[in-house]
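Colleague: below are the sequence and a predicted model for it; my questions follow.
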Amino acid sequence: MSDEFTAADVLVDRLIQWGVDVVFGLPGDGINGFMDALHNRRRDLRYIHCRHEEVAAMAAVGYAKFTGRLGVCFATSGPGAAHLLNGLLDARTDQAPLLAISGMTYHDLVGTSYLQDVNTDYMFDDVALYNQRIMGPRTWSTSPTTPCARR
């Protein structure tokens, strides 16, 4: 384990500060940093492994609807991120608090038609109240401190 504090570490810390106690998701290469951060904070944040990204999103929406708390789901880049859309649409329809986290290809490969390179910035724009790309710890630490901030 490195002593370096990553954007994923900052993200997991922020989730814990917001009172999130469970996240639903499916690992993959584009989200490995987040998986490492979850593993490092496994005593503070419970991870529920789902077998499909859409199931993770719908589980997080159901959690949000029945508890009134922020539901959190995640998936890797490309098609994995696309599978979160149905959960986001359901959350938007019922105004359930949902945070969807997706991975992405390496920053220097974005826009090169690299394997699983999908422009999630635009894909999530219609279904998200707030949509932001996080490229490093500094980007996240200057972002809003509430999960429901508007652009």
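Modeller: Yes, it's here. All figures in this text were calculated on a predicted structure; none of them were measured in a lab. Numbering: from 1, shown residues only.
Colleague: C-alpha from now on. contacts and neighbour counts both.
Modeller: Will do.
Colleague: toward the C-terminus, what is the element adjacent to the helix or strand harbouring Asp36?
Modeller: Taking DSSP states H and E as the criterion, the element that holds Asp36 is helix 32-40. Counting by DSSP H and E, the next helix or strand C-terminal to helix 32-40 is strand 46-49.
Colleague: what is that next one packed up against?
Modeller: In this structure, strand 46-49 packs against strand 22-25, with contacts taken as 3 or more C-alpha pairs under 8 Å, 6 or more residues apart in numbering; DSSP states H and E.
Colleague: quick one: list the elements packing against the strand it packs on.
Modeller: strand 46-49, helix 53-67, strand 71-75.
Colleague: can I get these in CSV with mean pLDDT, distance to Ala7 and mean neighbour count?
Modeller: Below are the helices and strands packed on strand 22-25 laid out as CSV (pLDDT from 0 to 100; distance: least, C-alpha to C-alpha, whole Å; neighbours: other C-alpha atoms under 10 Å):
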stretch, mean pLDDT, distance to Ala7, mean neighbour count
strand 46-49, 97, 18, 15
helix 53-67, 97, 22, 22
strand 71-75, 97, 15, 28
